[in-house]
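Undergrad: pasted the sequence and its predicted model underneath.
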Amino acid sequence: MSDQLDLECRLLVKSFGKFTAVDNVSLEIPKGSFFSILGPSGCGKTTLLRMLAGFIEPSAGDIVIKGNSMLGVPPNKRPVNMVFQHLALFPMMNVAENIGYGLRRRKMPQAEINKRVADVLERVSLPDAGQKNVDQLSGGQRQRVAIARSLILEPAVLLLDEPLGALDLKLREHMKVELKQLQHEVGTTFVYITHDQSEALVMSDNVAVMNEGRFEQVGSPQDLYYNPQTAFVAGFVGDTNRWSGRIESVNGDQAMVTLDDGGVIAAQSGTNSAMGIGDQVELFVRPEAITIERSAASQNGAHIEDGRNTLSGVVENLLFDGANSRAQVRDQTTGHQVTVSLPQTGAFSDLQSGESLRLSWSVEKARSYVASTTAKKDQAA
């Protein structure tokens, strides 16, 4: 299997004094894949990337690239290259000179440099940009030049440290698609660091969700979104509604939970660990999993009706965003606010603040997790 992997981390640890920034992290990245490490600021993802690049040495564990251990190998001797958020292009050089800089440092003949620069410019869809100055390029073009400068050195792995962070929102959305397509075309393994879940989900073949120095879950974007294994992943990946409560009864992988702020929700276990009566749990329901109906005002809190979780509330805010429009509904009994996605049928295009709605969702769409210290801290944040 190892000959099919470009990068492996084996029980990797990095400590700074008594603080452990990366805590026994292991991963395997197949050849030619787009792998993202997703997590909040301070979770250890940049420390992990710097270890992969060789800028810092691990306290324990091993990094294996193309079957070879990288322990003790300096950055300039590793088959990796790195693209930073601020790109670090040389303003006094034109595009071709920027891209060929690494080859000149390697004393390659100029004719060969010219050929390889032309080839890589073609690969990043900038065939005529070689003689342009960097300040003549758009933000997206500068991004592609920075990637071309790394790709020309033919790394086994390209490390990208939040490279879209300095771009404006519209360009960032455009570049997510461009980067995914570029990686597919060039076939180089990308390891991408980000705190932006949308970037990770849109671009990646697989994503590792990192929290407090550890990987909470590694899987495809679809798996992380639809089958989160921990409360942290459920709350961090995608938008969600959240309740807390205590288990009153258990039937197989489903539990009846009495909510801390009133009412009852039936939920499915979000993990493989057993849940017991009396356990404090966190509950999550995606906004798009909730069905809405206009209804008369009701004082019923969250309850089970016709096999579905149901509550009634009043529209407090309308968040119009085209196809992503939502409503914030206040449960009149408990005061809990629930966010729901508005269907694109047009049936709710005239919805107004102050209207009463009946909300319902299936038991399978409510995920429950035994409350942990991490979950409680994440909720408080």
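TA: Perfect, I can see it now. Numbers count the residues shown, from 1 in each chain.

Undergrad: show me where pLDDT drops low in the stretch 51-200 of the chain?
TA: Within the stretch 51-200 of the chain, the set of residues satisfying pLDDT under 70 comprises 85, 166.

Undergrad: now do the helices in it.
TA: In the stretch 51-200 of the chain, helices defined by DSSP state H, counting those that start in this stretch lie at 95-105, 110-123, 139-151, 169-186, 197-203, listed in chain order.

Undergrad: now render those as CSV, adding distance to N211.
TA: (Each C-beta comes from the backbone N, C-alpha and C, glycine too.) Formatted as CSV, the entries for the helices of the stretch 51-200 of the chain read as follows, by distance: least, C-beta to C-beta, whole Å:
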stretch, distance to N211
helix 95-105, 35
helix 110-123, 36
helix 139-151, 28
helix 169-186, 23
helix 197-203, 13
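
Undergrad: to A21, which of those helices lies closest?
TA: Judged by C-beta to C-beta, the one of the helices of the stretch 51-200 of the chain that comes nearest to A21 is helix 197-203, at 20.1 Å.

Undergrad: CA atoms of the next helix or strand after that closest one as CSV?
TA: Moving toward the C-terminus from helix 197-203, the next helix or strand (DSSP states H and E) is strand 206-211. Backbone C-alpha positions of strand 206-211 (Å, rounded to 0.1, in the frame of the first residue of the first chain) are rendered in CSV as follows:
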residue,chain,number,x,y,z
ASN,A,206,-10.6,13.8,1.8
VAL,A,207,-10.6,16.1,4.8
ALA,A,208,-9.1,15.8,8.3
VAL,A,209,-10.9,17.8,10.9
MET,A,210,-8.4,18.9,13.5
ASN,A,211,-9.1,20.1,17.1
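
Undergrad: who touches strand 206-211?
TA: Taking contacts as C-beta atoms under 8 Å, 6 or more residues apart in numbering, the residues outside strand 206-211 that touch it are 25, 27, 29, 33, 35-40, 43-45, 48, 200-201, 215-221, 224, 232-233, 236-237, 374.

Undergrad: ok, that strand: who's next to it in the sheet?
TA: Strand 206-211 pairs in its sheet with strand 34-38 (parallel), strand 214-219 (antiparallel), by DSSP bridges.

Undergrad: let me know the average pLDDT across that strand.
TA: Strand 206-211 comes out with an average pLDDT of 96.

Undergrad: so what's the closest residue to F84 other than its chain neighbours up against?
TA: Taking C-beta to C-beta, 6 or more residues apart in numbering, and ignoring the residues beside it in sequence, F84 has D161 as its nearest neighbour in space, at 5.4 Å. With contacts defined as C-beta under 8 Å, 6+ apart, D161 is in contact with T46, L49, M82, V83, F84, Q85, I193.

Undergrad: which among the contacts of strand 206-211 count as buried?
TA: Burial by neighbour count, 16 or more other C-beta atoms under 10 Å: within these this picks out 25, 27, 29, 33, 35-39, 43-45, 48, 200-201, 215-219, 221, 224, 232-233, 236-237, 374.

Undergrad: ok so, going back, closest to V145 out of the strands paired with strand 206-211?
TA: Of all the strands paired with strand 206-211, it is strand 34-38 that lies closest to V145, at 19.9 Å by C-beta to C-beta.

Undergrad: could you give me the average pLDDT of the closest one?
TA: Along strand 34-38, the predicted confidence averages to a pLDDT of 95.

Undergrad: just give the number of residues close to L169.
TA: A count of neighbours around L169, defined by other C-beta atoms under 10 Å, yields 7.

Undergrad: roughly how far does it sit from D161?
TA: When distances are taken as C-beta to C-beta, to the nearest Å, L169 and D161 turn out to be 20 Å apart.

Undergrad: all strands of the stretch 251-381 of the chain, in order?
TA: Remark: strands assigned in the stretch 251-381 of the chain by DSSP state E, counting those that start in this stretch are 254-259, 264-269, 280-285, 291-294, 303-305, 308-319, 326-331, 337-341, 356-362, 366-370.

Undergrad: quick one: which of those strands is nearest G67?
TA: strand 366-370 (38.2 Å).

Undergrad: that closest one: how far from the chain's middle?
TA: In terms of C-alpha atoms, centre = their mean, to the nearest Å, the centre of strand 366-370 is found 21 Å from the chain centre.

Undergrad: kindly report the same for stretch 220-240.
TA: Distance of stretch 220-240 from its chain centroid, counting by C-alpha atoms, centre = their mean, is 9 Å.

Undergrad: quick one: average confidence on that stretch?
TA: Taken as a whole, stretch 220-240 carries a mean pLDDT of 93.

Undergrad: okay, it in CSV with CA atoms only?
TA: Only the C-alpha atoms of stretch 220-240 are listed here, as CSV (Å, rounded to 0.1, in the frame of the first residue of the first chain):
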residue,chain,number,x,y,z
SER,A,220,-14.7,12.5,2.4
PRO,A,221,-16.5,15.8,2.5
GLN,A,222,-19.9,14.0,2.2
ASP,A,223,-19.0,11.6,5.1
LEU,A,224,-18.0,14.5,7.4
TYR,A,225,-21.2,16.4,6.6
TYR,A,226,-23.7,13.6,6.7
ASN,A,227,-22.0,11.3,9.2
PRO,A,228,-20.1,13.4,11.7
GLN,A,229,-18.6,11.1,14.4
THR,A,230,-18.1,13.7,17.2
ALA,A,231,-20.0,16.7,18.5
PHE,A,232,-17.1,18.9,17.4
VAL,A,233,-17.3,17.8,13.8
ALA,A,234,-21.1,18.1,13.8
GLY,A,235,-20.9,21.6,15.0
PHE,A,236,-17.9,22.8,13.0
VAL,A,237,-18.6,21.3,9.6
GLY,A,238,-21.6,22.9,8.0
ASP,A,239,-24.4,25.0,9.6
THR,A,240,-26.5,23.3,12.2
